Every structure is written in structure tokens, then in C-alpha cells.
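Engineer: 3D, please:
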Amino acid sequence: MYIYKTEILNVSTKWFSDKANDEDIAVLDSLLNTRAAEGWELVTYDYMATSTQIRGAFVITFRRER
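Structural biologist: Here you go, the predicted structure:
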């Protein structure tokens with residue numbers, strides 16, 4: 001049986017593109033490595049841009065044995 005944890009990781013402000021940049025990826029990698037060290041396994045993630053294309057976020061779900 002697993003327990004699940006979902007987090008929202010906001011990304012930097014975007015003015016001309018809604019894409020994640022190198023800084024955003026570095027923050028995501030840091031979070032993934034931190035959670036892995038705590039025993040969490042990545043299940044899924046998605047990048048969600050806003051309709052205004054100024055702010056976006058990663059939605060990340062982890063799991064680990066209960």
C-alpha cells in the first residue's frame with residue numbers, strides 16, 4: 001500500500017514565453033532529489049501554464065510505502 005503526496009512548485013515569472021527555463025528545471029531537480037532522499041518516488045509531474053502566460057507551475061506527485 002502506498003501513500004501519495006502532491007506538491008505545486010511555482011516557476012519564475014514569464015513575460016514572453018510560458019515555457020520552463022533552466023532555472024525552473026534546477027529548482028525541480030532539487031525538489032526531486034530532496035524527496036528521493038526522504039524515500040519518495042516520483043509518480044507523475046506536469047507543467048501547467050496559466051491563461052495569462054505570466055506564471056506557471058509544476059504539479060508533482062510522489063509516493064512511498066506506507
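Engineer: tell me which element the residue nearest the centre of the chain falls in.
Structural biologist: Against the mean C-alpha coordinate of the chain, by C-alpha atoms, centre = their mean, the closest residue is residue 58 at 3.6 Å. If you go by DSSP states H and E, residue 58 is part of strand 56-65.
Engineer: List the contacts of the lowest-mean-pLDDT helix or strand in the chain.
Structural biologist: Least confident helix or strand of the chain, by mean pLDDT, DSSP states H and E, is strand 41-49 with a mean of 89. With contacts defined as C-beta atoms under 8 Å, 6 or more residues apart in numbering, strand 41-49 is touched by 4, 11, 14, 18, 20, 28, 32, 35-36, 56-64. All C-beta atoms are positioned from the backbone trio N, CA, C, and that covers glycine.
Engineer: ok so, going back, could you check which helix or strand contains the nearest residue in space to the residue nearest to the centre of the chain that is not next to it in sequence?
Structural biologist: Spatial nearest neighbour of residue 58, chain neighbours left out: residue 9 (4.3 Å); criterion: C-beta to C-beta, 6 or more residues apart in numbering. Here residue 9 sits within strand 2-10, counting by DSSP H and E.
Engineer: Direction included, what does that strand pair up with?
Structural biologist: With DSSP bridges as the test, strand 2-10 is paired with strand 56-65 (antiparallel).
Engineer: what does the partner strand rub up against?
Structural biologist: So strand 56-65 is contacted by 1-11, 14, 18, 20, 24, 28, 31-32, 35, 39-50 (C-beta under 8 Å, 6+ apart).
Engineer: For that strand, the averaged confidence score.
Structural biologist: Averaged across strand 56-65, pLDDT comes to 92.
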